[in-house]
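Undergrad: sequence first, then the predicted structure:
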Amino acid sequence: MKKIANSHLFLPFVEEFISNSKSAKRIQSNGKKLTSGTIRNYQYLLNHLKGFEAFSETQIRIKIFTKLNKTSLQVEKKLLEEVL
């Protein structure tokens with residue numbers, strides 16, 4: 001996973017999730033493999049996320065923190081306002 005200063009890019013996690021779903025590393029609660037329709041829905045989600053990243057010219061990331069100081073909070077709010 002690509003890491004950016006206390007954060008991780010989100011799309012690699014989604015891609016790994018889909019890959020694990022296809023290879024039956026992820027299964028339903030009843031022990032059966034996920035259906036092709038479910039995996040196709042995951043692919044649609046991935047495509048929409050990639051489209052959003054391209055449109056917004058921003059990478060979706062997961063921020064890692066235990067305590068968020070005032071400056072970090074302001075930076076995160078500014079990034080969110082720019083995207084919205």
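TA: Yes, it's here. Computed from a predicted model, the values in this text were never measured in an experiment.

Undergrad: what helix or strand does the residue in the chain sticking out farthest from the centre sit in?
TA: No residue in the chain sits farther from the centre than residue 30, which is 26.0 Å out by Cα atoms, centre = their mean. Using DSSP states H and E, residue 30 maps to neither a helix nor a strand.

Undergrad: how far off centre is the helix or strand where residue 51 lies?
TA: Using DSSP H and E, residue 51 maps to helix 36-56. In terms of Cα atoms, centre = their mean, to the nearest Å, the centre of helix 36-56 is set 10 Å apart from its chain centre.

Undergrad: before we move on, what about stretch 26-40?
TA: Offset of stretch 26-40 from its chain centre (Cα atoms, centre = their mean): 20 Å.

Undergrad: on that earlier part again, what does the helix holding residue 51 contact?
TA: Residues outside helix 36-56 that contact it (Cβ atoms under 8 Å, 6 or more residues apart in numbering): 10, 11, 14, 15, 17, 18, 21, 22, 59, 60, 83. Every residue, glycine included, has its C-beta placed from N, CA and C.
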